[in-house]
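Asker: I'd like to go over a predicted model; first the sequence, then the structure.
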Amino acid sequence: MVMKLPYLGSSLFLVLTLLSVVVSGSEKRLPILSFDEGYSQLFGDDNLAIHRDGKAVHLSLNERTGSGFVSQDLYLHGYFSASIKLPADYTAGVVVAFYMSNGDIFEKNHDEIDFEFLGNIRGKDWRIQTNVYGNGSTSVGREERYNLWFDPADDFHQYTILWTDSKIIFYVDNTPIREVKRTAAMGGDFPSKPMSLYATIWDGSDWATNGGKYRVNYKYAPYVAKFSDLILHGCAVDPIEFSSKRCDTAQSLEELSTTITPSQRSKMDSFRRKYMTYSYCYDQTRYKGPPPECVVNPQEAERLKKFDPVTFGGGRRHHGKRHHRSRASRSETVSV
């Protein structure tokens, strides 16, 4: 890729900083923004509250409304992170999301990169879901779902999206948990247009917990999700007249900033063995065969098959009145 000289300085700085983040495994070198420096309220009126001199935000869900905020700029690639503490106790039906999207600009062909946190009944753990959409490919869906090795309602934990032209990596507390590589098989399904960063809390009773079996119980409201250590480190661009050349220098960003070290790879593999409970690549009730970008791991396939032999083993689901589920939405059939 030929680089125009006027863009070299800012792009090189982005590359080197992203490289230092990935190699060091720490986001602390990047500036933490106050809310007013990087974000605006999306919805929720006074259900959004700013704390700690503007460095922390609390989002509440009550019977009246949820709440959310959005970045002031759109970005093409970068490092996006927040420390989040989720609501405790009975949280069935509650959904907290930390994600990137451009659906407000590209309504029919939007891109999206998601962290979603799905609440649960008392005594059951929160679940975390990641997903990637490109060019409006919402009918495909590339969901993965996991349990966590900690209670995300006990304390703050860092959740990070690293997005470049060739890869997307999801991190939890600086441990990579998922890597999505851009392949020719994905075509335009890899996110490639500028996106805003969003954070929201909302009522997902219709699908979020056991396909809608357990709903939000507002006697436990308000549900409060707390955000701090907000990082927006990417290439801010005009959503219509943007140039990828301004944001990526030759091969540097692709080859270096997305490198997962052997130690990190080992941690990611361990996490996926222990905590992944759903992957679209092995869903035999949804796909006749794995989508073309999937790299099937036989050990991973066998473990998921033991976890859910119907979804991952191709067996028949027995349809009784109590167990019948619509096939219209995948989110209704992958609950833990």
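Answerer: Alright, I've got the coordinates. Not measured: the values here are computed from a predicted model.

Asker: which residues does the closest residue to Phe150 other than its chain neighbours contact?
Answerer: If the residues on either side of it in the chain are set aside, Phe150 comes closest to His157, at 6.7 Å by C-beta to C-beta, 6 or more residues apart in numbering. Bear in mind the C-beta positions are built from the backbone N, C-alpha and C, glycine included. Residues in contact with His157 (C-beta atoms under 8 Å, 6 or more residues apart in numbering) are Ser83, Ile84, Lys85, Phe150, Val172, Asp173.

Asker: who does His157 bridge with?
Answerer: Ile84 (DSSP bridges).

Asker: For the stretch 101-250 of the chain, give me the ranges with low pLDDT.
Answerer: 242-246, 248-250 (pLDDT under 70).

Asker: just to revisit the earlier point, give the buried subset of the contacts of His157 as a ChimeraX selection command.
Answerer: The buried residues among the contacts of His157 can be selected in ChimeraX (16 or more other C-beta atoms under 10 Å) with this line:
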select :83,84,85,172
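
Asker: which among the contacts of His157 gets closest to Lys288?
Answerer: Val172 (32.3 Å; C-beta to C-beta).

Asker: need the contact list for the residue nearest to that closest one when sequence neighbours are not counted.
Answerer: Residue nearest to Val172 in three dimensions, not counting chain neighbours: Tyr159, with 5.9 Å by C-beta to C-beta, 6+ apart. Taking C-beta under 8 Å, 6+ apart, we find Tyr159 in contact with Ser81, Ala82, Ser83, Ile84, Phe98, Phe115, Phe170, Tyr171, Val172.

Asker: Just the C-alphas of the helix or strand where the second one lies, formatted as CSV.
Answerer: When you say that, I think you mean Ala82. If you go by DSSP states H and E, Ala82 is part of strand 74-85. C-alpha atoms of strand 74-85 as CSV (Å, rounded to 0.1, in the frame of the first residue of the first chain):
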residue,chain,number,x,y,z
LEU,A,74,-16.3,7.4,14.1
TYR,A,75,-13.1,5.3,13.8
LEU,A,76,-11.6,3.1,11.2
HIS,A,77,-9.5,0.6,13.2
GLY,A,78,-8.0,1.0,16.6
TYR,A,79,-8.0,0.0,20.3
PHE,A,80,-11.2,0.5,22.3
SER,A,81,-11.5,-0.4,25.9
ALA,A,82,-13.4,0.0,29.2
SER,A,83,-13.4,-1.3,32.7
ILE,A,84,-16.9,-2.5,33.5
LYS,A,85,-18.6,-3.7,36.6
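
Asker: where's it relative to the chain centroid, distance-wise?
Answerer: Centroid displacement of strand 74-85 relative to its chain, using C-alpha atoms, centre = their mean, to the nearest Å, is 10 Å.

Asker: For the next helix or strand after it, which outside residues touch it?
Answerer: Using DSSP H and E, the next helix or strand after strand 74-85 towards the C-terminus is strand 94-101. The contact list for strand 94-101, computed with C-beta under 8 Å, 6+ apart, reads 59, 61, 75, 80, 82, 84, 86-87, 110-119, 159, 161, 163, 191, 195-204, 208, 216, 223, 225.
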